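A.B. asks: quick one: sequence plus predicted model below, questions after.
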Amino acid sequence: MEPETSALELRGLTKYFDRPAVDSLDLTIRTGEFYALVGPNGAGKTTTLRMVAGLLRPDAGSVTVFGIDALADPVAAKQLMAWVPDEPMIYDKLTPLEYLEFVAGLWGIEPAIAEPMAHDLLVSLGLEAHLHERCEGFSKGMRQKVALAGALVHDPRLIILDEPLTGLDAVSARHVKGLLGGRVRAGCTVIMTTHILEVAERMADRIGVIASGRLVAEGTLAELRQQNGRTDTSLEDLFIALVNFEAAA
Amino acid sequence: MSSTTALTWFARHELRLAWREWLAMMTGGRRKRRPAVAVGLVAFAAIMHLPAWAVVGRFSDLVLPLDKSSLIVITSTIVMAWTLMLSQAIESVTRVFYARADLDLIMSSPVNLANVFSVRIAAIALAVTAMALLFSTPFIDVLVIGGGARWLSAFGVVAAIGLSAAAVAIAVTIVLFRLIGPARTRLIAQVLAAIIGAGFIIALQIAAIMSYGTLSRFAVVTSEAAAAYAPDTDSILWWPARAAIGDIEALLLLLALGLLLLGAVMALFSGRFADTAIDAAAQGTSTRRRPRTGGFRPGSRQQVLRRKEFALLARDPWLISQTLMQLFYLLPPAVLLWRSFADSSLAIILITPVVVMAAGQLAGGLAWLTISGEDAPDLVATAPLPPARVIRAKIEVVLIAIAVIFMPMVAVLALASPWQAAVTTGGVAIAAASATAIQLWFRVQAKRSQFRRRQTSSRLATFAEAFSSIGWASTSALALALPIAGIVSGLITAGLVAATWKFSPQRE
């Protein structure tokens, strides 16, 4: 039996701006896992994910995606990944369907496969009535949904999301959570940052708490409670205790 | 706060915003550049007196009463300035409706909207007039130095026509809103601004070509035929010309008319400004298109990238208006070409630099939109293809677009002069390639909507792009007329492009 490859492995990942934004970060995410990365503002969550997605070059360390060295062979690694930024960046002058056609084309997905998938995704995200409207008049939530559909249309094995629920209404947020949950059940790996701790608590298999560019705690909610000797506390209390401890240190 | 105080306060706010916007445009948002910009502007204004002297110096001795020919020349110049101001004013009004981020705040505040928009209308008029005064100052200075203080009244004429241009622009834009709706007005207003701005000059050029076989627009206005058709010297049509030369009575009448027109527009339209702004803001939520038939199209990643770029370019109203303007500027050389078939005139050589220059300028704009103006940079950067292939696809789009726009004209030129067509093709290709390369070397991540501010990111790139287009246009013309001089000009221009590369951030 072949050993299970981890979906993502970060070793000694480091990025400096005027101060260390990510500081020798080691992180392993298993295949098929829903991983939530939480931390205070400026902790290095987005910088970490941008390095994984190939948008920032690390100063040191390695990024391995399903066994592929993402720094040595970024194209092969990118073929397996999708990145959804917190600020949805889509083309105002394209319709959602045209946007998804473009994304599918970039990932080299056959039109016969991509077209029905694009249609289903947009319908499942509640955009059926807007398939042929240009995105220029869309609300932030609608744009976020189009960007998310774009990330899913090429059926990635690793989905990286930066604050995917920001700007979504309750119904849309539930749609997105359902969609991501479904992908994880189908074997896809999801890593996301979020400020909504309740989402991390409910959805994530494991949670990583990052502060000052370092991973200060990691595990399931039960493991985090155990590590901190607080058996019946919420993730919010745990999070505040962990980041306050890190700040004091 | 009383109504008058509120108006004064809002006027101050508008002026401060306009000043900061202008300052940011000149300095690229960097405070440290302010002294250099101030020195540069003073130097530029001083240098501008030289071409101004060359153009209008000989007219400074003109005194009243003027003959018909002089009246026609001065009036044509004023009409030309007025159309340029009208074009700029239409552009400003459209921007107020579509791009002002503070409309929500203003319209949700407990102020009298009619008053607020009256101030905004006045601010547009002021901005248009101030810009016109700035550009006309070297010319009027030369006239004052050569002909005396009476020419100072020309400043008054500029102010009067600035006020009337702003008034007409506001009326035209609001009428367009009412007639064709906010969705179409944006595009039509931009196209209209481009056509009006260039229309008068081009019409004169075409008339000159048709009548005298020259591109010089002065050939028509100084002709005996124009004088024969023109009204008598005491006609009110000549008031602006007489006012410019020092007729105080005519100047006061002109200023009064300008103010009256603006006042009438403010009274008539300031109330509707708010409704129009609301309509414009609501526009965009109903941009439903007819579904494209045929479904997703197959193709390589390169083709997919090109297809996306072409779709975005084709849907860009600014680009459409600019392309139309470039094509519009090509009308006179096209007419010249058509006439030259008949008489084998040497004037046909003039076509080459115009076409090469237009190709360089258009390629620069297209290259900025495709290379720097990427609205989804993260998506393209995380796609599984090397960055070099993305850039290559974008460059291909620019060059294909230039080829599609300019090749028909070159093909017609080939029928008249195959050698000139070959030189023109070379000039178009090299001017477009140089402009694209400069945009590539100085690329910065930006949104397509920031196109208007593209010049602020790098002054060096802006000047290099302009000089490269001028250089290749001159080289092409000289290659036809005086080949040795063409080689020298080509080497100088190539040196300029190489120097630009040496100073570019992408090289570091």
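C.D. replies: Good, I have the coordinates.

A.B. asks: get me the contact residues on chain A for chain B.
C.D. replies: A:53-55, A:75-76, A:78-79, A:81-83, A:85, A:89-95, A:98, A:101-108, A:110-111, A:114-115, A:118, A:131-134, A:136-137, A:150 (Cβ under 8 Å from any Cβ of the partner chain). (Each C-beta comes from the backbone N, C-alpha and C, glycine too.)

A.B. asks: what distance do you get for residue A:9 to residue A:157?
C.D. replies: As judged by Cβ to Cβ, to the nearest Å, residue A:9 and residue A:157 stand 14 Å apart.

A.B. asks: do the same with residue B:60
C.D. replies: Applying Cβ to Cβ, the value for residue B:60 to residue A:157 is 77 Å.

A.B. asks: now residue B:493: closest residue in space, sequence neighbours ignored.
C.D. replies: Excluding the flanking residues, the one nearest residue B:493 by Cβ to Cβ, 6 or more residues apart in numbering or on different chains is residue B:471, at 3.0 Å.

A.B. asks: may I ask you to name the longest helix in the chain?
C.D. replies: This is for chain A. helix A:170-185 (DSSP state H).

A.B. asks: try again with chain B
C.D. replies: The longest helix of chain B (DSSP H) is helix B:153-212.

A.B. asks: average pLDDT across that one?
C.D. replies: Averaged across helix B:153-212, pLDDT comes to 79.

A.B. asks: that one near chain A anywhere?
C.D. replies: No - Helix B:153-212 stays clear of chain A (Cβ under 8 Å from any Cβ), getting no nearer than 10.1 Å.

A.B. asks: give me the contacts around the longest helix of chain A.
C.D. replies: Here helix A:170-185 makes contact (Cβ atoms under 8 Å, 6 or more residues apart in numbering or on different chains) with A:32-34, A:121, A:124-126, A:141, A:144-145, A:148, A:152, A:159, A:161, A:164-165, A:168, A:190, A:192, A:199, A:203, A:205.

A.B. asks: put the buried members of those residues into a PyMOL selection.
C.D. replies: In PyMOL, this line selects whichever of the contacts of helix A:170-185 come out buried by 16 or more other Cβ atoms under 10 Å in any protein chain shown:
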select buried, chain A and resi 32+33+34+121+124+125+141+144+145+148+152+159+161+164+165+168+190+192+199+203+205
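
A.B. asks: quick one, what contacts residue B:191?
C.D. replies: Contacts for residue B:191 (Cβ under 8 Å, 6+ apart) come out as B:317, B:320, B:321, B:324.

A.B. asks: so where's chain A uncertain?
C.D. replies: Per-residue confidence for chain A (pLDDT under 70) gives these ranges: A:1-4, A:231-232, A:245-249.

A.B. asks: ranges for the strands of it?
C.D. replies: Using DSSP state E, the strands of chain A run over residues A:8-16, A:20-29, A:34-38, A:60-65, A:68-69, A:81-84, A:158-162, A:189-193, A:206-211, A:214-219.

A.B. asks: I'd like those as CSV, with distance to residue B:197 appended.
C.D. replies: Converted to CSV, the strands of chain A look like this (distance: least, Cβ to Cβ, whole Å):
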stretch, distance to residue B:197
strand A:8-16, 49
strand A:20-29, 48
strand A:34-38, 53
strand A:60-65, 52
strand A:68-69, 55
strand A:81-84, 43
strand A:158-162, 44
strand A:189-193, 49
strand A:206-211, 55
strand A:214-219, 59
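
A.B. asks: quick one, which of those gets closest to residue B:42.
C.D. replies: Across the strands of chain A, residue B:42 has its closest neighbour in strand A:8-16 (42.8 Å, Cβ to Cβ).

A.B. asks: now do the helices in the stretch 351-500 of chain B.
C.D. replies: Along the stretch 351-500 of chain B, the segments classed as helices by DSSP state H, counting those that start in this stretch run B:351-367, B:377-382, B:387-416, B:418-441, B:454-457, B:459-481, B:483-502.

A.B. asks: ok, of the ones you listed, where does mean pLDDT dip lowest?
C.D. replies: Among those, helix B:454-457 scores lowest, with a mean of 63.
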